[in-house]
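Engineer: test case, fold it:
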Amino acid sequence: MSSRRGIVFASVGLFGAVLTLTACGGDGQQGIPTETRSATATTTPPATTPPSTTPSPVGPAVGEVSTNPEAAGALRAFLTDLDAGGVPAVTAKCWTVPPSEVPARYSDVASILDAAAVPGVDGQYAVTWSSPAITLSVKRSEIASGYACPAVFPGGSSGAYTDTEAEYTVERYLGRFTGTPVNPADLEGDYPLVCDTRAIWDPQRTGAATTAPLANNPGRLTGSASYKPDSVYVAANDGEYTTVYADVTDVSGVEQNRIFTLTVGSNGYCIGDVV
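Structural biologist: Numbering: from 1, shown residues only. Take a look at the predicted model:
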């Protein structure tokens, strides 16, 4: 072999070796990995999924109600405000309660919080939480709203509704027809004031209960323009039926003294008839 031919073969062999090393370094499977791939492989931790957790309810302790899961949350929303700011913090939000009754009803914050901490009881018309001192009662319409302003009455009592609540029921009903609702959200579909269609109506004590007359004609006072708030008062209350008077003026300017008859239904006082 001549020296020149040997030089050519040596050059070819060296060039082939360079190609081989270049191919091994770039395939990621054989040979020495590149510096960048090595650093990535040794410093990037495997992706992990954090364990799922269920957040604890925020606010005062409220006893759960297994048959009505939304009840505790609705009451807790109210209690959070009451605990933080007392009566002033809940007054505007509790527009379903007669304004004159709010201060006395919610003044004993400590007792209210104590009663709410025990498990609630889902009754026929309401959910209740009771301590030896007091009972909190929340209507289903309040629970559905997400913010439940409870009735508060001494432990062991029946929690009878007051004349003030009867008058306020009529004021709310009239406010809807005269364009002056106590709150824009005060709609019949969400906060029923008219008695439902169950056969519970028997103010004459005939023994044959029927559907309340207003249940089939809830818009009887359509066309009312205004009413006199000072004219709304309870004229009679026999423990089962309550009569409320109110002076109502229609769009023609004619004023009439309307007579409302109420009883207690599934959402507190309900209006069964008006003449």
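
Engineer: what ranges do the helices span in the stretch 51-200 of the chain?
Structural biologist: Along the stretch 51-200 of the chain, counting by DSSP state H, counting those that start in this stretch, helices occupy 70-91, 102-105, 109-116, 140-145, 163-177.

Engineer: of those helices, which approaches Gly239 most closely?
Structural biologist: helix 163-177 (11.8 Å; Cβ to Cβ). For every residue, glycine as well, the C-beta is placed using N, CA and C.

Engineer: may I see the buried residues of that closest one?
Structural biologist: Buried residues in helix 163-177, defined by neighbour count with 16 or more other Cβ atoms under 10 Å: 165-177.

Engineer: now swap in stretch 233-241 and tell me
Structural biologist: When neighbours are counted by 16+ other Cβ under 10 Å, the buried residues of stretch 233-241 are found to be 234, 237, 241.

Engineer: tell me which of those is nearest to Asn68?
Structural biologist: Taking Cβ to Cβ as the measure, Asn68 lies nearest Tyr241 of the buried residues of stretch 233-241, at 29.5 Å.

Engineer: you'd agree that closest one is up against Arg205?
Structural biologist: No. If you go by Cβ atoms under 8 Å, Tyr241 and Arg205 don't touch, sitting 9.4 Å apart.

Engineer: how about CSV for the helices of the stretch 51-200 of the chain, with mean pLDDT and distance to Asp230 added?
Structural biologist: Compiled in CSV, the helices of the stretch 51-200 of the chain are given as follows (pLDDT from 0 to 100; distance: least, Cβ to Cβ, whole Å):
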stretch, mean pLDDT, distance to Asp230
helix 70-91, 98, 22
helix 102-105, 97, 20
helix 109-116, 97, 32
helix 140-145, 94, 28
helix 163-177, 98, 11
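
Engineer: tell me the pLDDT of the closest residue to Val121 other than its chain neighbours.
Structural biologist: Closest residue to Val121 apart from its sequence neighbours, by Cβ to Cβ, 6 or more residues apart in numbering: Thr128 at 5.2 Å. As predicted, Thr128 sits at a pLDDT of 96.

Engineer: got it, and the one 3 residues further on?
Structural biologist: pLDDT, Ser131: 95.

Engineer: check Glu35 too.
Structural biologist: As predicted, Glu35 sits at a pLDDT of 37.

Engineer: and the longest strand seen in the chain, what does it pack against?
Structural biologist: Ranked by residue count and defined by DSSP state E, the top strand of the chain is strand 255-265. Counting contacts by 3 or more Cβ pairs under 8 Å, 6 or more residues apart in numbering; DSSP states H and E, strand 255-265 is packed against helix 163-177, strand 199-201, strand 242-250, strand 268-274.

Engineer: list the buried residues in it.
Structural biologist: Residues of strand 255-265 classed as buried: 258, 260-265 (neighbour count, 16+ other Cβ under 10 Å).

Engineer: got the angle for that strand vs helix 163-177?
Structural biologist: 120 degrees (axes from the mean of the first three to the mean of the last three Cα atoms, to 10 degrees).
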